[in-house]
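A.B. asks: Model the following, please.
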Amino acid sequence: MLKPILLACSVLISTVVSAATATNIANEAEKVSPLMPGLMVPATTLKDKDGNNVVLSKRFAEKTTVLIVYRGGWCPYCSKQLASIQNIEQQIADLGAQIIAVSPDSPEKLAESKIDSPNYQLLSDDSLTLSQALGLAFYLDDKTATIYRNKLGVNFVSLDGKAKVALPVPAVFVVDKKGLVNFQYANPNYKVRLTENLLLAAVKSVAEQ
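C.D. replies: Here you go, the predicted structure:
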């Protein structure tokens, strides 16, 4: 197995969780605690672009999974990352793996994406359930939240009577059929992303086990 890389990309898009579901959200991106290799991805149900429920554990059981957590379709760095992974999609498929990319975008927003492949699926985590379970969720500071609202159209939702935004740090995990994390990359600097070559090497290492 490749050595764990403990970094992850920063700030995630618009969704804010209600007080009842805010169980694991750091005060800033640098203080998140991404799920370590050797641990299981907690049971989570997300939604696809049509609003249908998708049970992650069932998807993991099908084949090795490249699990990408990104900020949203509005983020140019995320769009570039998703496009670069599209470039190696066939190589990933040839290694017997699939790609699942998750963001706080709503199912309706996901439906606008041009990515449409049986090996590459986009899912909505608009309540940040998975982001919290993976230890990636954090609160935006007020200054950054205002910039995002004014320039990027990020939606604000009241949390305990305050307009506070929670987002995830972008990350990439390679998960085996049991739901076990074999590789993890996360970086609070959202401009720095995992290279295609390193991702392919991570997938290959899991496929050869």
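
A.B. asks: mind listing what the residue nearest in space to the middle of the chain touches?
C.D. replies: The central residue of the chain, meaning the one whose C-alpha is nearest the mean C-alpha position (C-alpha atoms, centre = their mean), is V69 at 1.0 Å. V69 makes contacts with 12, 101-103, 125, 130-131, 134, 136, 168-173, as judged by C-beta atoms under 8 Å, 6 or more residues apart in numbering. For every residue, glycine as well, the C-beta is placed using N, CA and C.

A.B. asks: Which pLDDT does the model give V11?
C.D. replies: Taken from the predicted model, the pLDDT recorded for V11 is 30.

A.B. asks: Please apply the same query to S18.
C.D. replies: Looking at S18, its pLDDT reads 38.

A.B. asks: same question, K177
C.D. replies: On the pLDDT scale, K177 is placed at 95.

A.B. asks: ok, it - contacts?
C.D. replies: Listed by C-beta under 8 Å, 6+ apart, the contact partners of K177 are F60, A61, E62, K63, T64.

A.B. asks: Identify those among these that sit within helices.
C.D. replies: Using DSSP state H to define helices, the subset of those located there is F60, A61, E62.

A.B. asks: can you pick the most crowded of the residues you listed?
C.D. replies: Among the ones in helices among the contacts of K177, F60 has the most neighbours (other C-beta atoms under 10 Å), with 21 neighbours.

A.B. asks: quick one, what contacts that residue?
C.D. replies: For F60, the contact set (C-beta under 8 Å, 6+ apart) comprises V41, V175, D176, K177, K178, G179.

A.B. asks: To what extent is the second one buried, counted in neighbours?
C.D. replies: It stands for V175. 26.

A.B. asks: Isn't it up against K63?
C.D. replies: No - with the criterion set as C-beta atoms under 8 Å, V175 and K63 do not qualify as a contacting pair; they are 10.0 Å apart.

A.B. asks: could you list every residue that touches the residue lying closest to D125 once chain neighbours are set aside?
C.D. replies: Counting by C-beta to C-beta, 6 or more residues apart in numbering, the nearest residue to D125 once its immediate chain neighbours are dropped is V102, at 4.9 Å. The contact partners of V102, by C-beta under 8 Å, 6+ apart, come to L46, L67, I68, V69, Y70, L122, L123, S124, D125, L130, S131.

A.B. asks: Would you format those as TSV with secondary structure, pLDDT and distance to N27 included?
C.D. replies: Written out in TSV, the entries for the contacts of V102 read as follows (DSSP: H, G, I helix; E, B strand; the rest coil; pLDDT from 0 to 100; distance: C-beta to C-beta, whole Å):
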residue	secondary structure	pLDDT	distance to N27
L46	strand	96	25
L67	strand	98	25
I68	strand	97	24
V69	strand	97	19
Y70	coil	94	22
L122	strand	95	29
L123	strand	96	27
S124	strand	93	25
D125	coil	92	20
L130	helix	95	20
S131	helix	92	15
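
A.B. asks: Thanks again, I'm all set now.
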